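Engineer: What follows is a protein structure lacking sequence information:
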Ligand SMILES: [Zn+2]
């Protein structure tokens, strides 16, 4: 009897797995170019508008990596190609600016938003008071605020993309 129950459970989960595989596939094909489903795909292949995607990522951040009560930052896309940086966070305005022309892939875009979002959390841990001083002492790359923002972005980028697009994209 126990064996039967276990077998039934195995079949049920297999069937549900197939169903969700199909369902997620449908979703992705609608929202994403079916030619390339990897997260390292270039931004041009993102079929949903970039503004919608960036908004989704920002909302995900606020839901899952909010570490303080700082308000959700606003997010602006800058389409001018001149700037060299990928994104920046303006603490006074609590605003993230993404320099979209400098970003190549969907993963990179997601990681930049996670990074800048985390800077907004750092207001609670002394960003405004200490960022410049730390920068002078350690340089831009080794500034502890930057090190932490990079770490948080790297740690969460896959989960964020999986949640937005579904598991399937990782395996193609
Ligand atoms: Zn940064």
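Structural biologist: Thanks, I have the structure now. Note that the structure is a prediction, hence the values are computed from the model and not measured.
Engineer: Tell me the secondary structure of the residue most central in space within the chain, please.
Structural biologist: Central residue of the chain (CA atoms, centre = their mean): residue 110, 3.4 Å from the mean position. Under the three-state scheme (DSSP: H, G, I helix; E, B strand; the rest coil), residue 110 adopts helix.
Engineer: quick one, what contacts it?
Structural biologist: Residues near residue 110 by CB atoms under 8 Å, 6 or more residues apart in numbering: 39, 57, 157, 160-161. Backbone N, C-alpha and C define where each C-beta goes, glycine included.
Engineer: Kindly indicate which of those lies nearest the ion.
Structural biologist: Nearest to the ion out of the contacts of residue 110 is residue 157 (CB to the ion; 14.6 Å).
Engineer: Could you check how far the closest one is from residue 81?
Structural biologist: Between residue 157 and residue 81 the computed distance is 24 Å (CB to CB, to the nearest Å).
Engineer: Between these two, tell me which one has more neighbours.
Structural biologist: In this view residue 157 and residue 81 are compared by other CB atoms under 10 Å, and residue 157 has more residues nearby, 21 against 10.
Engineer: Doesn't that one lie inside a helix?
Structural biologist: Yes - assigned with three-state DSSP, residue 157 falls within a helix.
Engineer: wait, doesn't it sit right on residue 112?
Structural biologist: No - using CB atoms under 8 Å as the test, residue 157 is too far from residue 112 to be in contact (9.7 Å).
Engineer: how about the strands in this structure?
Structural biologist: 74-78, 87-90, 95-99 (DSSP state E).
Engineer: quick one: which of those strands is nearest residue 141?
Structural biologist: strand 87-90 (15.1 Å; CB to CB).
Engineer: Now do the contacts for the nearest residue to residue 58 once chain neighbours are set aside.
Structural biologist: Leaving out its chain neighbours, the residue that sits closest to residue 58 by CB to CB, 6 or more residues apart in numbering is residue 75, at 5.3 Å. Residue 75 makes contact with 54-55, 58, 95-98, 113 under the criterion CB under 8 Å, 6+ apart.
Engineer: I'd like the distance between residue 75 and residue 136.
Structural biologist: 29 Å.
Engineer: quick one, phi psi at residue 79?
Structural biologist: phi -90, psi 0 (degrees, to the nearest 10).
Engineer: Now do it: how many residues are near it, please.
Structural biologist: 9.
Engineer: How about residue 143?
Structural biologist: 19.
Engineer: Can you name the residues that contact it?
Structural biologist: 131, 134-135.
Engineer: So which of the residues you listed is the closest to the ion?
Structural biologist: So of those, ranked by how close each gets to the ion (CB to the ion), first place is residue 131, at 9.3 Å.
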